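Q: Please work out how this folds:
(2 chains)
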Amino acid sequence: GDSVTQMEGPVTLSEEAFLTINCTYTATGYPSLFWYVQYPGEGLQLLLKATKADDKGSNKGFEATYRKETTSFHLEKGSVQVSDSAVYFCALSVSSGGYNKLIFGAGTRLAVHP
Amino acid sequence: DTAVSQTPKYLVTQMGNDKSIKCEQNLGHDTMYWYKQDSKKFLKIMFSYNNKELIINETVPNRFSPKSPDKAHLNLHINSLELGDSAVYFCASSQEAARAEQFFGPGTRLTVL
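A: Model (predicted):
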């Protein structure tokens, strides 16, 4: 079935370090791919998305490229800040009976220290 | 204005009780969802409604009954609560489109004692 696999956390970085959170997926058809972020005590917010192969999603300094050949959608940021500390979820959107549903990875907690 | 709101934010109750969680969205979306997030942060879809009709029903015990009085509201009623129901429940909404972004509410933390 359709699934998303993320690297296990927590990921602990110093401020201004480079971030990579790996995400790979298994899906039939051509899913859309998303990264959501969940700050402590809050709901999920869409961080970025890509709807087809080779698309690059970007927002707030984060980037991810839809790689069909490696079925990956890795999240990167060149210089993290303390305020980026959160749980990051990779997700894919699949069609179910003509409607879409999101399948999430297990989430990766990021902790950034000053 | 809050786009997707849920009430209550926290809910503590005893095993065996019946409780409801309410969700409202003011985005004009056609589709609404309920997700369950367990203690390890794993998120799984439970239900989805489109224009008040149930369209996705994952393998969820029938103690859980969603109700959509109109397309802006999706409530979740849970009968005979069990310890394993303790989780954070998120409501979300989206436009009816294959690749539409989903907007999430702030979550309801349910604790069953």
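Q: which residue is nearest the middle of chain B?
A: In chain B, the C-alpha closest to the average C-alpha coordinate belongs to residue B:34, at a distance of 3.1 Å (C-alpha atoms, centre = their mean).
Q: how close does that one get to chain A?
A: Using C-beta to the nearest C-beta, to the nearest Å, we find residue B:34 at a distance of 11 Å from chain A. Yep, even glycine has a C-beta here, placed from its N, CA and C like the rest.
Q: Also residue B:6?
A: 8 Å.
Q: what's the answer for residue B:77, then?
A: Computed as C-beta to the nearest C-beta, the residue B:77 to chain A distance reads 21 Å.
Q: Quickly list what that residue is bridged to.
A: Beta bridges link residue B:77 to residue B:20, residue B:65, judged by DSSP bridges.
Q: Am I right that it is in contact with residue B:22?
A: No. Between residue B:77 and residue B:22 there is no contact, the gap being 9.8 Å when judged by C-beta atoms under 8 Å.
Q: pLDDT score assigned to the closest residue in space to residue B:71 that isn't next to it in sequence?
A: Distance criterion C-beta to C-beta, 6 or more residues apart in numbering or on different chains; nearest residue to residue B:71, sequence neighbours excluded, is residue B:51 at 5.2 Å. In the predicted model, residue B:51 carries a pLDDT score of 84.
Q: Just give me the neighbour total for residue B:51.
A: Here the neighbour count serves as a burial measure; for residue B:51 (other C-beta atoms under 10 Å in any protein chain shown) it reads 12.
Q: For chain A, which segments count as strands?
A: Under the criterion DSSP state E, chain A carries strands at the ranges A:3-6, A:11-14, A:19-21, A:23-26, A:32-38, A:44-50, A:56-59, A:62-65, A:75-77, A:86-96, A:99-104, A:108-113.
Q: least reliable of the ones you listed going by mean pLDDT?
A: Across the strands of chain A, the stretch with the lowest average pLDDT is strand A:99-104; it has a mean of 84.
Q: which helices and strands sit right next to that one?
A: Based on contacts counted as 3 or more C-beta pairs under 8 Å, 6 or more residues apart in numbering or on different chains; DSSP states H and E, the elements that strand A:99-104 packs against are strand A:3-6, strand A:32-38, strand A:86-96, strand B:43-50, strand B:53-57.
Q: looking at those strands, which is buried most?
A: Among the helices and strands packed on strand A:99-104, the stretch with the highest mean neighbour count (mean count of other C-beta atoms under 10 Å in any protein chain shown) is strand A:32-38, at a mean of 25.
Q: Tell me the spacing between the closest residue in space to residue A:54 that isn't next to it in sequence and chain B.
A: Beyond its immediate neighbours in the sequence, the residue positioned closest to residue A:54 (C-beta to C-beta, 6+ apart) is residue A:66, lying 6.3 Å away. Between residue A:66 and chain B the distance, using C-beta to the nearest C-beta, works out to 12 Å.
Q: Residue A:66 reaches residue A:48, doesn't it?
A: No. Assessed by C-beta under 8 Å, residue A:66 is found out of contact with residue A:48, at 10.6 Å.
Q: what's around residue 70, how many residues?
A: Let's take chain A. Neighbours of residue A:70 under the rule other C-beta under 10 Å: 8.
Q: look at chain B instead
A: Residue neighbour count, defined by other C-beta under 10 Å, stands at 9 for residue B:70.
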